[in-house]
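**Q** below are the sequence and a predicted model for it; my questions follow.
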Amino acid sequence: MTDNAAHFAAFSFVDRITDFVPGKSARGTFHVPADIAAFPACLVAEAVGQLAAWVSMEHIDYRGRPVAALAFETRFLGAVAPGDTLQLNVEIDSVDDGAVSYRGWADVNGTRVIELNDCLGPMLPVAEFDAPEALREHFALLRGAGAQPDRFHGVVDPEVTVVEHLPGQSMRAALHIPTTATFFADHFPRRPVFPATLLLNAQIGLAGTLAREANAGEATTEWVPARMTHVKMRAFITPGQEVDSRAEFTGTQDGLTRIALSARNADGKTIATARVEFAAAGA
Amino acid sequence: MAIEITKDEINAVYPTVAETMADALGCDVDDIKLDVSLIEGLDAESIDFLDMVFRLERAFKIKIPRGKIIDNARGALSEAEFEQKGVLTPTGLAQLRSYLSEIPAERFADPMKVKDIPRLFTPETFCKLVVQAQRDAKAAA
């Protein structure tokens, strides 16, 4: 895929915006291509966030674009499989040139699969990331005929090297962010940034290992993320960066296994934090 | 003109403000002192200020427009009277000192850049912000 072809394709998860109240709310769809291996929950959250981004960018006439920063609560309610079609919804609490705050959710066949509550994205100058006219044109396409379906071909997870592991207690791993990946041409064309949702997806993978280990004596062996809270992104992750990722078991309550997540850059500065709760599959 | 906010009003909101800030900054609530500099004492960054305001809005069921502290500090002054090319005018600096009366005088630079104002903020600054927002909400009701 060329860089040009990857724009609005390699990491874009809104096919059409079917209902739109400027600055207030939107509904849209995204069809998950049937031929990809998987569509993790973090990408469903990304799809909801991207719909909110379209509403907010349109509202401020493409002077700024929101970036992922704070998500107080994400509830993972069901898995999404290749071939599913997401029905995306967002309600904007407030939006201006400084930031957007919103909530949103996604359904598949009438069943809720994810909910995002109390999300906030600060606005950065759009021209640093993308061509405002290209965004305007693409928004018109999404409001009209819709984007070309099945243009997403999956993402390659960053390579992970576990450097410390106390089973059931804590895990520390180096995430090797690739220097090149097709999604960098879409996220973003003028300034490639490793998507926060892919960082969280990798960290959920580490946390899942800890959750299984922490519950080794339980009859259930499959633990799934149920809720993520306190997501805070402090800095961008750039191509080729190595991220020191940590997961720490913090306790179990009401059948939920709690893990604290953090990520640091090479200088030891914290660049992301979050908390995730795992539940027994099917609970 | 300085906003007259009493110690009792600050003390009434302080426990919730401190808990909210500790949660946002990922520190112990005991680390939050009324007069600690949020940036220099607690390593707060711009994203933390957004986070704190967002949480305070929810905790107190108030609306705090972004940039409200500096708007409050500016008071009745026009933008040009308050600052010129990103630097506070003498009148603007006097107004800021008056508004942030809880901040020791030696912490104000002279001249002072607008972008450096957040370096002065303490939990007490946010208590005053909450009290003012509560008053505004009451007045609007």
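**A** Great, that's in hand.
**Q** which residue is it, in chain A, that comes closest to chain B?
**A** Nearest to chain B, among the residues of chain A, is A:Gly98, at 4.3 Å (C-beta to the nearest C-beta). Every residue, glycine included, has its C-beta placed from N, CA and C.
**Q** separation between that residue and B:Phe49?
**A** According to C-beta to C-beta, to the nearest Å, A:Gly98 stands 11 Å off from B:Phe49.
**Q** more neighbours: these two, which one.
**A** Each of A:Gly98 and B:Phe49 has its neighbours counted (other C-beta atoms under 10 Å in any protein chain shown); B:Phe49 has more, 18 against 15.
**Q** for the nearest residue to the more buried one once chain neighbours are set aside, give me its contacts.
**A** Excluding its sequence neighbours, the residue lying closest to B:Phe49 (C-beta to C-beta, 6 or more residues apart in numbering or on different chains) is B:Pro118, at 6.5 Å. By C-beta atoms under 8 Å, 6 or more residues apart in numbering or on different chains, the contact set of B:Pro118 is B:38-39, B:46, B:49.
**Q** list just the nearest of those residues to A:Trp54.
**A** B:Ser46 (24.6 Å; C-beta to C-beta).
**Q** tell me which parts of the stretch 101-250 of chain A are close to chain B?
**A** By C-beta under 8 Å from any C-beta of the partner chain, the residues of the stretch 101-250 of chain A that approach chain B are A:101, A:118, A:120, A:122, A:230, A:232-234.
**Q** most neighbours among the residues you listed, which one is it?
**A** Neighbour-wise, those (other C-beta under 10 Å) top out at A:Lys232, 25 neighbours.
**Q** which residues pair with that one across the strands?
**A** Beta-bridge pairing for A:Lys232 (DSSP bridges): A:Leu70, A:Thr273.
**Q** surely it meets A:Ala68?
**A** No. Look at A:Lys232 against A:Ala68 with C-beta atoms under 8 Å: they stay out of range, at 9.8 Å.
**Q** which neighbours do A:Gly98 and B:Phe49 have in common?
**A** Common neighbours of A:Gly98 and B:Phe49 (C-beta under 8 Å, 6+ apart) do not exist.
**Q** tell me where chain B has helices.
**A** B:7-25, B:46-60, B:68-74, B:79-82, B:90-99, B:123-140 (DSSP state H).
**Q** and if you look at the stretch 1-150 of chain A?
**A** Assigned by DSSP state H, counting those that start in this stretch, the stretch 1-150 of chain A shows helices spanning A:3-6, A:41-59, A:132-143.
**Q** quick check, the longest one touching chain B?
**A** The reference is to helix A:41-59. No. Shown here: helix A:41-59 not in contact with chain B (C-beta under 8 Å from any C-beta), separated by at least 13.9 Å.
**Q** please state the offset of that helix from the chain centre?
**A** Its chain's C-alpha centre and that of helix A:41-59 lie 9 Å apart, by C-alpha atoms, centre = their mean, to the nearest Å.
**Q** repeat for the last one
**A** From the chain centre to the centre of helix A:132-143 is a distance of 22 Å (C-alpha atoms, centre = their mean).
**Q** so that helix versus helix A:41-59, what angle?
**A** Orientation of helix A:132-143 against helix A:41-59 (axes from the mean of the first three to the mean of the last three C-alpha atoms, to 10 degrees) gives an angle of 110 degrees.
**Q** return the list of helices and strands in contact with helix A:132-143.
**A** Judged by 3 or more C-beta pairs under 8 Å, 6 or more residues apart in numbering or on different chains; DSSP states H and E, helix A:132-143 is in contact with strand A:16-21, helix A:41-59.
**Q** can you tell me the closest non-neighbouring residue to the residue of chain B found nearest chain A?
**A** Closest residue of chain B to chain A, C-beta to the nearest C-beta: B:Arg66 (4.3 Å). Counting by C-beta to C-beta, 6+ apart, B:Arg66 lies nearest to A:Gly98, which is 4.3 Å off, once chain neighbours are set aside.
**Q** tell me the helices and strands packed up against the lowest-mean-pLDDT helix or strand in chain B.
**A** Every helix and strand of chain B was ranked by mean pLDDT, DSSP states H and E. The lowest is helix B:68-74, at a mean of 88. Packing contacts for helix B:68-74, counted by 3+ C-beta pairs under 8 Å, 6+ apart, involve helix B:90-99, helix B:123-140.
**Q** thinking again about what came up before, widest-spaced pair of the contacts of B:Pro118?
**A** Using C-beta to C-beta, these span at most 10.9 Å, a distance reached by B:Leu38 and B:Ser46.
**Q** what parts of chain B come near chain A?
**A** Contact residues, chain B versus chain A (C-beta under 8 Å from any C-beta): B:23, B:26, B:45-47, B:50-51, B:54, B:58, B:66-67.
**Q** lowest-confidence entry in those residues?
**A** pLDDT across the residues of chain B next to chain A is lowest for B:Arg66, at 78.
**Q** give the bridge partners for A:Ile259, please.
**A** A:Phe249, A:Val276.
**Q** so it touches A:Val276, yeah?
**A** Yes. Assessed by C-beta under 8 Å, A:Ile259 is found in contact with A:Val276 at 5.2 Å.
**Q** how about the contacts made by residue 41?
**A** Because you didn't say which chain, this covers chain A. Per C-beta under 8 Å, 6+ apart, neighbours of A:Ala41: A:76, A:79-80, A:113-114, A:201, A:204, A:225.
**Q** look at chain B instead
**A** By C-beta under 8 Å, 6+ apart, the contact list for B:Gly41 reads B:Lys33.
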